[in-house]
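Sequence unavailable; structure follows:
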């Protein structure tokens, strides 16, 4: 008995009296779903990647016969039926991997390597647009916080009272501007998370999203991304607040009990925060690619990560370690310049310090949003392929796009 999941056997002969084209999946994708009727919606999860363009010619029209006896009725071979339905026989290898990743569940290494391929495939968006957004974010953060950072360099004349409140002599206005700059910088940076997910999703299909479209859609997703970020911040704050209250209560009862509660409470809070972070790690791609609201996207992420917590944790942990090591190497120049600029009130030294710190932060942020954002988008695609057979949806989309483009015509 032959295995119905083996897609390498080729096209099946049509049944007697049946002239429908046979859908031939690439090898390894299992049994092919039957062709859908004209105008019907295919079963399964909705395709959130960009839809295929409309094939040339009127819907339902057949290609004009050519050659001798064009007007005569003659039987059509299965291969000819396939060519008439999809404009050209498609290469199985191209179907399996039309873009930066294969259309199947991904391995650990492919999840880590996918963002690098996405950067090489569309550097104008992954590097160019993200660089512009990151630069705007750093200008806001360090530009508005210039007064506060400048006060950090004037500590040579500071006494104990000067340093006791942690402001390092900065005025209330400087502190307010620092907080405003940090908020606005983080807000602008949310655009990059959406841009990276959009570019990665197009690269999966071998396409390149334009910088203008990526930036436009990233800006449109900004309100939902901001609301989602605020909800996460509120949730983490509640966890810390509850643990703090429990620890304080333990010290009120007994010092030894307070120390025990402190250790267990801190460890418990870290585990809980890590668990929530992994369960909601795919919320950003859900917002951008499925255009969901913040709460709906978090629910979607919670469902997609079922049964894969440890794998997702391992991938994100390794990706974070990689970016952290690169960022540490980048900040070496700042570590050299800082001691030279310290203990001076020279305006030139202050400007040099702030500019160098902003530049190092810019490079570190750019690496983080491009690589970590790509890893997250890859995990989102992988989970959908594992849970929803999304690889078949994408494979069918590739065939439809090939037909619309007239490959082999």
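Sure, I can see it. All figures in this text were calculated on a predicted structure; none of them were measured in a lab.

any idea how far the closest residue to residue 295 other than its chain neighbours is from residue 193?
Closest residue to residue 295 apart from its sequence neighbours, by C-beta to C-beta, 6 or more residues apart in numbering: residue 231 at 7.5 Å. In short, each C-beta sits where N, CA and C put it, glycine included. Noted for residue 231: a distance of 15 Å to residue 193, by C-beta to C-beta, to the nearest Å.

Okay, now the unreliable bits of the stretch 1-150 of the chain?
1-95 (pLDDT under 70).

Of all the residues in whatever helix or strand residue 116 lives in, which ones are buried?
Under the criterion of DSSP states H and E, residue 116 resides in helix 108-121. Buried residues in helix 108-121, counted by 16 or more other C-beta atoms under 10 Å: 110, 111, 112, 113, 114, 115, 117, 118, 119, 121.

Check which helices and strands that helix sits against.
helix 172-204, helix 309-330, helix 373-388 (3 or more C-beta pairs under 8 Å, 6 or more residues apart in numbering; DSSP states H and E).

Contacts for that helix next, please.
99-102, 106, 126-127, 196, 199-200, 203, 208, 311, 314-315, 318-319, 322, 370-375, 377-379, 382 (C-beta atoms under 8 Å, 6 or more residues apart in numbering).

Just say helix, strand or coil for residue 105.
coil (DSSP: H, G, I helix; E, B strand; the rest coil).

May I have the residues that are in contact with it?
Counting by C-beta under 8 Å, 6+ apart, residue 105 has contacts 382, 385, 386, 391.

gap between it and residue 119?
Residue 105 is 22 Å from residue 119, by C-beta to C-beta.

Tell me how far residue 357 lies from residue 122.
Here the criterion is C-beta to C-beta. By it, residue 357 lies 30 Å from residue 122.

and if you look at residue 399?
The spacing between residue 399 and residue 122, counted by C-beta to C-beta, is 23 Å.

Go ahead and confirm residue 366 touches residue 137.
No: with contact defined as C-beta atoms under 8 Å, residue 366 does not reach residue 137; the gap is 9.9 Å.

Which one's more surrounded, those two?
Just comparing residue 366 and residue 137: by other C-beta atoms under 10 Å the higher neighbour count belongs to residue 137, 26 against 22.

So the more buried one sits against residue 183, correct?
No: if you go by C-beta under 8 Å, residue 137 and residue 183 don't touch, sitting 10.8 Å apart.

which ones are touching residue 250?
Taking C-beta under 8 Å, 6+ apart, we find residue 250 in contact with 257, 258, 260, 261, 262, 265.

Can you tell me which of these is nearest residue 242?
Closest approach between the contacts of residue 250 and residue 242, by C-beta to C-beta: residue 265, at 9.0 Å.

State the helix or strand in which that closest one lies.
Counting by DSSP H and E, the element that carries residue 265 is helix 255-279.

next one: residue 400
helix 390-405.

relative to helix 373-388, how tilted is that helix?
100 degrees (axes from the mean of the first three to the mean of the last three C-alpha atoms, to 10 degrees).

Any buried residues in helix 390-405, and which?
For helix 390-405, the neighbour count (16+ other C-beta under 10 Å) marks 390-403 as buried.

Format those residues as TSV; extra columns: pLDDT and distance to residue 217.
Formatted as TSV, the buried residues of helix 390-405 follow (pLDDT from 0 to 100; distance: C-beta to C-beta, whole Å):
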residue	pLDDT	distance to residue 217
390	88	20
391	84	24
392	86	26
393	85	21
394	85	19
395	84	24
396	84	24
397	80	19
398	80	22
399	81	25
400	79	22
401	74	20
402	72	25
403	75	26
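
Run through who's touching stretch 177-194.
Contacts of stretch 177-194 (C-beta under 8 Å, 6+ apart): 129-130, 133-134, 136-138, 140-145, 147-148, 170, 215, 217-219, 221-222, 225-226, 229, 284, 287-288, 365, 369-370, 373.

ok, of the residues you listed, which come out buried?
129-130, 133-134, 136-138, 140-142, 144-145, 147-148, 170, 215, 217-218, 221-222, 225, 229, 284, 287-288, 365, 369-370, 373.

Number of residues surrounding residue 253?
10.

if we can go back for a sec, enumerate every residue touching the residue nearest to residue 295.
With the criterion set at C-beta under 8 Å, 6+ apart, residue 231 makes contact with 294, 295, 298.

Check residue 375 too.
Counted by C-beta under 8 Å, 6+ apart, residue 375 has contacts 111, 112, 114, 115, 315, 316, 319.

Please determine how far the first one is located from residue 330.
Distance of residue 111 to residue 330, computed by C-beta to C-beta: 24 Å.

Same check on the fourth one?
Applying C-beta to C-beta, one obtains 18 Å for the distance of residue 115 from residue 330.

go on, the last one?
Between residue 319 and residue 330 the distance, using C-beta to C-beta, works out to 17 Å.

same deal with residue 151?
25 Å.

Over to residue 229?
25 Å.

now do residue 149
To residue 330, residue 149 is 18 Å away according to C-beta to C-beta.
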